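Asker: Predicted model and sequence below, questions to follow.
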Amino acid sequence: MKIKYELKKVEKETKARLGLLHTNHGTFETPMFMPVGTLATVKTLTPEELKEMNSAVILSNTYHLWLRPGEDIIHKAGGLHQFMNYDGPILTDSGGFQVFSLAKNKEKDIVEEGVHFKSHLDGRSLFLTPELSIQIQNKLDSDIAMSFDECPPASATHEYLRKSVERTIRWAKRGKEVHNNPNQSLFGIIQGGAYEDLRKFSALETTKLDFDGYSVGGVANDGESKEDMYKAIDYSIPYLPEDKPRYLMGIGDPIDIIEGVIRGIDMFDCVLPTRIARHGNAFTRYGKINLKNAKYKEDFHPIESDCDCYACKNYTKAYIRHLITCNESLGGRLLSIHNIRFLIRLTEELRQSILEDKLLDYKKDFIEKYHQG
RNA sequence: GCGUGAUUGGUGAAGUGGUUAACACGGCGGAUUGUGGUUCCGUUAUGCAAGGGUUCGAUCCCCUUAUCGCGCC
């Protein structure tokens, strides 16, 4: 069975949506945030811990799992869910994002057939195609597979982006044709940078292929401005069907999530909460803080006194700072728990605000507070 | 006691008679948005044991003192 999106409500003054995502591994509310588990694990956390945080979908990665341990081993294990002991929904990224950062010479390495690039592990030459990406994802048996797209840099010209969008559409079609897993849904990806005509074209052509969901991609690349990111969403959303989920790829800054939800996005994923956690940073209502700062040396209070996460209920900033300073893995774990819970809770509050038609007020309050810190 | 060798930042240490004293660690701060992240980027000794001298100029040469190491009575 494929996923099913059930639209429950659109907020009065915005395009924000409240919905339910029915999957083979449970039903979950949107808007939602999906933590990233590139290598079949959300770094340092167990599936049980993620469930405790009310986290739903985990995002994993085709490219990384293809290299290690290989899709055949995961297939033999009984699929990704069995392999990693996670019975919630899993989404796999196509590998497009990684591959394009590994392809050195875009002109030469990206061809109609696929992409030539070097393995980040041993440097050997690899070739990934839309078909192969989908076939790997079929074997991984994730709930949602992503089309293999070209993810061009923010600095790309209109001319480059136009060709790229056209190719991404051809690739989406090729991937869809070989997709062969009745329990797996497939999403299409809208590209086109911050150009209205390209986003519109990309959305209209991609939706013609009738995917199970659509994502806005090519966002938050190498120094793209927030304005361009919001444009990318605004120019794409009007052409996407109401009854399919919309996923903004790679976005997870709290403010960006709010802005995305207001513009009609249902799903987000991001490495930010876990990455900054490993580097000692925590999201708070008053902005992001760096636990490594000397001022927390003797701060015997939780990161946030009103946070319901395991880290805040049991540990102080001084202790977590000590762990991070000593490079003890528990530090990154506790901060990952806090940061993911922070974003999950943010989506819970956003849903409540949509329900009460108070999203814009919520945004105003949140941003005001967030910038105070 | 005599002889001898050392003494460079929080630490381990390079180094030179001449504008800004390597490098590493540590400290302090920042970055991070479909994870090549125990990563990346800043910054961190107005001073080379102390005092005096030689010199246009000394951390580098000389003298004295202090401290430490080594050898001999």
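Answerer: Done, it's in.

Asker: Pull up the residues of the stretch 201-350 of chain A that are close to RNA strand B.
Answerer: The stretch 201-350 of chain A has residues A:215, A:217-221, A:226, A:249-253, A:256, A:269-272, A:274-276, A:278-281, A:288, A:290, A:292-295, A:297, A:325, A:327 near RNA strand B, with proximity defined as C-beta under 7 Å from any atom of the strand. All C-beta atoms are positioned from the backbone trio N, CA, C, and that covers glycine.

Asker: In PyMOL, how would I select just the buried ones from the residues you listed?
Answerer: The PyMOL selection below is limited to those of those classed as buried (16 or more other C-beta atoms under 10 Å):
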select buried, chain A and resi 215+217+218+219+220+221+249+250+251+252+253+256+269+270+271+272+274+275+276+278+280+281+288
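
Asker: Tell me which of the residues of the stretch 201-350 of chain A next to RNA strand B fall in helices.
Answerer: A:226, A:256, A:272, A:274-276, A:278, A:325 (DSSP state H).

Asker: Now the helix or strand harbouring A:Tyr230: buried residues?
Answerer: Assigned by DSSP states H and E, A:Tyr230 belongs to helix A:226-236. Neighbour counts over helix A:226-236 (16+ other C-beta under 10 Å) mark A:228-236 as buried.

Asker: list the helices and strands that helix packs on?
Answerer: helix A:196-208, strand A:213-216, helix A:254-262 (3 or more C-beta pairs under 8 Å, 6 or more residues apart in numbering; DSSP states H and E).

Asker: which one of those is the most hemmed in?
Answerer: Mean neighbours per residue, mean count of other C-beta atoms under 10 Å, is largest over the helices and strands packed on helix A:226-236 for strand A:213-216, with a mean of 27.

Asker: State the mean pLDDT of that strand.
Answerer: The predicted model gives strand A:213-216 an average pLDDT of 98.

Asker: Quick one: residues contacting A:Glu49.
Answerer: Counting by C-beta atoms under 8 Å, 6 or more residues apart in numbering, A:Glu49 makes contact with A:310, A:337.

Asker: average pLDDT for whichever helix or strand it is part of?
Answerer: Following DSSP H and E, one finds A:Glu49 within helix A:47-52. Helix A:47-52 shows a mean pLDDT of 96.

Asker: hey, C-alpha coordinates of it in CSV?
Answerer: Extracted in CSV, the C-alpha atoms of helix A:47-52 (Å, rounded to 0.1, in the frame of the first residue of the first chain):
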residue,chain,number,x,y,z
PRO,A,47,14.4,4.2,17.4
GLU,A,48,12.8,4.0,20.8
GLU,A,49,14.2,7.4,21.8
LEU,A,50,12.9,8.9,18.6
LYS,A,51,9.4,7.5,19.3
GLU,A,52,9.6,9.0,22.8
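
Asker: Sort out which residues of that helix are buried, please.
Answerer: Neighbour-count burial for helix A:47-52 [16+ other C-beta under 10 Å]: A:47, A:49-50.

Asker: does any bit of that helix sit next to RNA strand B?
Answerer: No - judged by C-beta under 7 Å from any atom of the strand, helix A:47-52 makes no contact with RNA strand B; its nearest approach is 12.1 Å.

Asker: Could you look up the next helix or strand downstream of that helix?
Answerer: strand A:58-61.

Asker: Give the other helices and strands that that following strand contacts.
Answerer: Strand A:58-61 packs on strand A:32-35, strand A:90-93, going by 3+ C-beta pairs under 8 Å, 6+ apart.

Asker: Of all the ones you listed, which one comes closest to A:Lys313?
Answerer: Comparing the helices and strands packed on strand A:58-61 by their distance to A:Lys313 (C-beta to C-beta), the top pick is strand A:32-35, with 19.5 Å.

Asker: tell me the mean pLDDT over stretch A:190-207?
Answerer: Mean predicted confidence for stretch A:190-207 is 97.

Asker: okay, that stretch in CSV with CA atoms only?
Answerer: The C-alpha atoms that make up stretch A:190-207 are tabulated as CSV, following Å, rounded to 0.1, in the frame of the first residue of the first chain:
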residue,chain,number,x,y,z
ILE,A,190,10.4,20.5,-8.2
GLN,A,191,13.5,22.5,-9.2
GLY,A,192,14.1,25.8,-10.9
GLY,A,193,16.0,27.9,-8.4
ALA,A,194,14.3,31.2,-7.5
TYR,A,195,12.8,31.7,-11.0
GLU,A,196,9.1,31.8,-11.3
ASP,A,197,8.8,30.5,-14.8
LEU,A,198,11.1,27.5,-14.1
ARG,A,199,9.4,26.5,-10.9
LYS,A,200,6.1,26.7,-12.6
PHE,A,201,7.3,24.7,-15.6
SER,A,202,8.9,22.1,-13.3
ALA,A,203,5.8,21.8,-11.1
LEU,A,204,3.4,21.5,-14.0
GLU,A,205,5.5,18.9,-15.8
THR,A,206,6.4,16.9,-12.8
THR,A,207,2.8,16.7,-11.5
